[in-house]
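Asks: the sequence and its predicted three-dimensional model are supplied below.
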Amino acid sequence: MTFRFLTVLAVFLPWAVQADEPVSHDQYALLDPVVVTPTLTSLTTQASLSSVTVIDRQQLREQQPAELTDILQGQPGVDVSGNGAFGKTTGLYLRGTASNSTQLLLDGVRLRSATAGSPSWQYLPPQLIDRVEVVRGPRGSLYGADAVGGVIQVFTPEQPGSWLDFGGGSFGSVNTGAGTAGEQGGTFYSVGINRFSTQGTQVRAHSEDRGYDNTAGIARLGHRFDDRGSVSVMGFHSQGNTEYEGSNPEDKRDTDYALEVAALNGDLWLNDNWQSKLVISQAKDESQDFADGDKNGTFDTRTRTANWQNIVLAGDQQFIVGGEYQRDEITSDNDYDVTDRDNRAAFMQALLTAGPADLQASLRYDDNDAYGEKTTGAAALGYQFLDHYRARLSYGTAFKAPTFNDLYYPDSPPYYYSNPNLKPESSASTEAGLRGQYQYWYWDLALYQTRIDDMITYDASAATSLNVDKARIKGGELAMGLEWQDWRLRAAFSALDPRDDATDNVLIRRAQRTGRLDVDRHLGRLTLGGTASFQGHRYNDAANQQRLPGYGLVDLRARWQLTRQWYTQLTVKNVLDKRYSTSKNFAGWNYLNAGRSVFMSVRYDVR
């Protein structure tokens with residue numbers, strides 16, 4: 001029924017606005033922004049032929065998310081589950097794929113744990129992020145392993161100006177931050193710091209509050225050589241401590257963590273039609289677990305990458321050819337059989353246009369020490385018609401690599417785990433989309449299907465991980481946006497049917513229906529806004545016996561502009577004080593999320 005409804009919308013929405021409506025370039029820049037993640041080069045959202053959501057600096061500042069996933073939750077195709085609020089283990093499911101099947105990039109550098117395979121979403125401070133691009137659909141042919149569901153890229157501040165932020169609120173939460181950025185004589189720089197701490201909330205009923213703190217900094221320095229090229233260095237570091245719930249509520253369990261990125265970027269126009277880019281980077285994900293003050297496990301991973309891209313222009317056509325070398329290393333007090341692996345890759349892409357038609361095609365070859373060779377590809381066709389509408393059709397393959405835990409985690413009787421013979425999971429996805437782009441608003445509809453082979457699962461009877469499962473995921477998404485006079489609106493609805501082929505059961509922890517509505521209204525110096533979101537029910541287990549009910553949340557916010565540079569802001573999250581859970585502990589009790597919270601801040605911002 002849901003998919004039929006979305007298809008009907010695809011037919012009737014194009015006629016909701018007159019075709020001769022005047023077009024404003026400035027308005028288009030807000031509603032059809034330029035993105036770089038879908039194709040590795042700058043194209044508008046519509047021209048990228050991808051399903052893309054952009055969360056800009058204004059949305060991030062207005063909504064004051066305590067965690068990055070607060071603003072990602074409910075966006076088209078995005079679902080989030082977690083083991084409680086404030087820095088607790090978090091899983092993100094993009095279009096129903098596994099938590100470790102989506103790549104996270106920070107200013108172009110991949111950030112993840114090589115042992116678990118998933119990004120540490122909960123430790124990335126949103127206060128130091130200016131923009132987020134969420135690309136849905138397979139991107140293995142450009143980014144390699146683990147881009148089955150898509151790619152989420154966050155961008156740190158670069159726009160010239162300065163800011164100072166201070167705020168506090170419920171649960172003993174305090175946030176302070178400051179930063180500045182500028183450019184002179186071709187030399188550009190930016191630096192920012194932020195500190196967030198909270199006493200936290202109960203993760204388990206009738207237990208103690210579990211706190212969290214995060215101290216983070218970002219720095220960038222570079223120089224532009226007229227229009228011929230640039231060179232820059234960037235560093236990011238985030239560290240802190242999070243408390244979590246153990247099997248015994250009397251136990252004190254906590255983790256010291258650190259995320260770190262360092263990168264050297266260079267680009268050079270060799271001639272008017274050939275640009276060459278080189279990025280050399282290192283990313284770290286480190287954690288040290290404690291039980292009642294005693295060390296209980298160290299998992300440090302480091303990824304070193306060299307990525308070389310060449311962009312060649314031939315009139316309106318673009319071609320990209322490149323290569324990548326990546327080395328993963330782990331350090332742990334667990335005795336892994338293998339502690340490093342190398343991956344070598346070559347990739348190419350063609351972006352072709354002919355009048356109203358566009359064709360994009362890409363291909364990538366990966367050769368990994370641990371799991372061998374893998375080739376992925378993608379193709380997309382777009383067609384512009386009646387001035388305001390563009391249809392798109394795409395097909396892509398991708399794969400998810402087995403992690404160090406999957407392959408080499410030390411056996412621990414009676415719970416054996418790893419299997420060095422595991423193959424990567426393989427996927428094939430098709431998508432059909434239709435977008436309407438107008439002066440003051442847009443809508444975007446997408447229908448897709450993904451089939452996954454050789455899913456990695458734990459077989460209790462064999463006491464090991466095996467490639468046995470297959471999955472099929474069908475879904476539809478509708479996104480809308482409005483920028484009109486003093487109104488700003490974003491809406492999204494997603495319908496999902498993620499099934500295990502063998503059992504026909506719903507894949508664990510995926511909500512099959514999600515929705516989100518963000519509305520803000522400027523009234524002179526006062527801005528009022530709110531967010532309403534809902535999640536359908538989900539299952540915590542593969543047998544679909546542990547059902548977690550759906551829920552709805554309402555957030556409200558108000559901002560008062562004191563002067564041109566100073567404003568104060570009040571945010572009330574979960575206004576109705578809804579008690580809800582998105583996951584269960586293995587012992588059967590629910591992980592609790594935060595109830596109603598109030599946060600007030602004062603900010604100086606001249607950007």
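Replies: Perfect, thanks for sending it. Since the model is a prediction, treat every value here as computed from it, not as a measurement. Numbering: from 1, shown residues only.
Asks: list the contacts of residue 527.
Replies: For residue 527, the contacting residues are 62, 520, 521, 558, 559, 561, taking C-beta atoms under 8 Å, 6 or more residues apart in numbering as the criterion. Where you see a C-beta, it was placed from the backbone N, CA and C, and this is true even at glycine.
Asks: what about 6 Å?
Replies: residue 559 (C-beta atoms under 6 Å, 6 or more residues apart in numbering).
Asks: partner strands of whichever strand or helix holds it, with direction?
Replies: Residue 527 belongs to strand 526-535 when assigned by DSSP states H and E. Within its sheet, and counting by DSSP bridges, strand 526-535 is paired with strand 513-523 (antiparallel), strand 551-561 (antiparallel).
Asks: past the last one, which element shows up next along the chain?
Replies: As assigned by DSSP H and E, the chain's next helix or strand after strand 551-561 is strand 566-573.
Asks: related to what we said a few turns ago, quick check: buried residues in the strand holding residue 527?
Replies: For strand 526-535, burial by neighbour count (16 or more other C-beta atoms under 10 Å) applies to 527, 529, 530, 531, 532, 533, 534, 535.
Asks: same check, this time on stretch 575-592
Replies: When neighbours are counted by 16+ other C-beta under 10 Å, the buried residues of stretch 575-592 are found to be 580, 581, 582, 583, 584, 585, 589, 590, 591, 592.
Asks: and that stretch, how far out from the chain middle?
Replies: Here the centre of mass of C-alpha atoms in stretch 575-592, compared against the chain's by C-alpha atoms, centre = their mean, to the nearest Å, lies 23 Å away.
Asks: I'd like to know how far the nearest residue to residue 174 once chain neighbours are set aside sits from residue 464.
Replies: For residue 174, the nearest residue in space outside its immediate sequence neighbours is residue 168; the separation is 4.6 Å by C-beta to C-beta, 6 or more residues apart in numbering. The span separating residue 168 from residue 464 equals 49 Å under the rule C-beta to C-beta, to the nearest Å.
Asks: could you look up the SS state of the residue nearest to residue 174?
Replies: Using DSSP: H, G, I helix; E, B strand; the rest coil, the secondary structure recorded for residue 168 is strand.
Asks: can I get the strands paired with strand 526-535 in a markdown table with mean neighbour count and distance to residue 382?
Replies: Rendered in a markdown table, the data for the strands paired with strand 526-535 read as follows (neighbours: other C-beta atoms under 10 Å; distance: least, C-beta to C-beta, whole Å):
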| stretch | mean neighbour count | distance to residue 382 |
| --- | --- | --- |
| strand 513-523 | 18 | 26 |
| strand 551-561 | 17 | 36 |
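Asks: any chance of the ones you listed in JSON lines, with distance to residue 204 too?
Replies: JSON lines is the format used below for those (distance: least, C-beta to C-beta, whole Å):
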{"stretch": "strand 513-523", "distance to residue 204": "25"}
{"stretch": "strand 551-561", "distance to residue 204": "18"}
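Asks: what's the closest of the ones you listed to residue 455?
Replies: Shortest distance between residue 455 and the strands paired with strand 526-535, using C-beta to C-beta, is found for strand 513-523: 22.8 Å.
Asks: neighbouring contacts of the closest one?
Replies: Under the criterion C-beta under 6 Å, 6+ apart, residues 74, 79, 486-495, 528-536 lie in contact with strand 513-523.
Asks: return the distance of it from the chain's centre.
Replies: 20 Å.
Asks: tell me the mean pLDDT over that strand?
Replies: Model confidence over strand 513-523, given as mean pLDDT, is 97.
Asks: sorry, back to before: how close does the residue nearest to residue 174 sit to residue 599?
Replies: Following C-beta to C-beta, the distance that separates residue 168 from residue 599 is 7 Å.
Asks: which one's more surrounded, these two?
Replies: Here residue 168 and residue 599 are set side by side on neighbour count (other C-beta atoms under 10 Å), and the busier one is residue 599, at 20 against 15.
Asks: quickly list what the nearest residue to the more buried one once chain neighbours are set aside is bridged to.
Replies: Leaving aside its chain neighbours, residue 599 sits nearest to residue 169 (3.4 Å; criterion: C-beta to C-beta, 6+ apart). Residues found in beta-bridge contact with residue 169 (criterion: DSSP bridges) are residue 173, residue 599.
Asks: equivalent analysis for residue 237, please.
Replies: According to DSSP bridges, the residues that bridge with residue 237 are residue 217, residue 260.
Asks: residues near it, how many?
Replies: The burial count assigned to residue 237 is 16, neighbours taken as other C-beta under 10 Å.
Asks: and for the one 4 residues further on?
Replies: A count of nearby residues for residue 241, using other C-beta under 10 Å, gives 17.
Asks: which other helices and strands contact the helix or strand where it lies?
Replies: With the criterion set as DSSP H and E, the secondary-structure element containing residue 241 is strand 229-244. Packed against strand 229-244 by the contact rule (3 or more C-beta pairs under 6 Å, 6 or more residues apart in numbering; DSSP states H and E) you find strand 209-225, strand 253-271.
Asks: just the residues contacting it, thanks.
Replies: Residues from elsewhere that reach strand 229-244, judged by C-beta under 6 Å, 6+ apart: 87-88, 107, 123, 210-222, 224, 253-256, 258-269.
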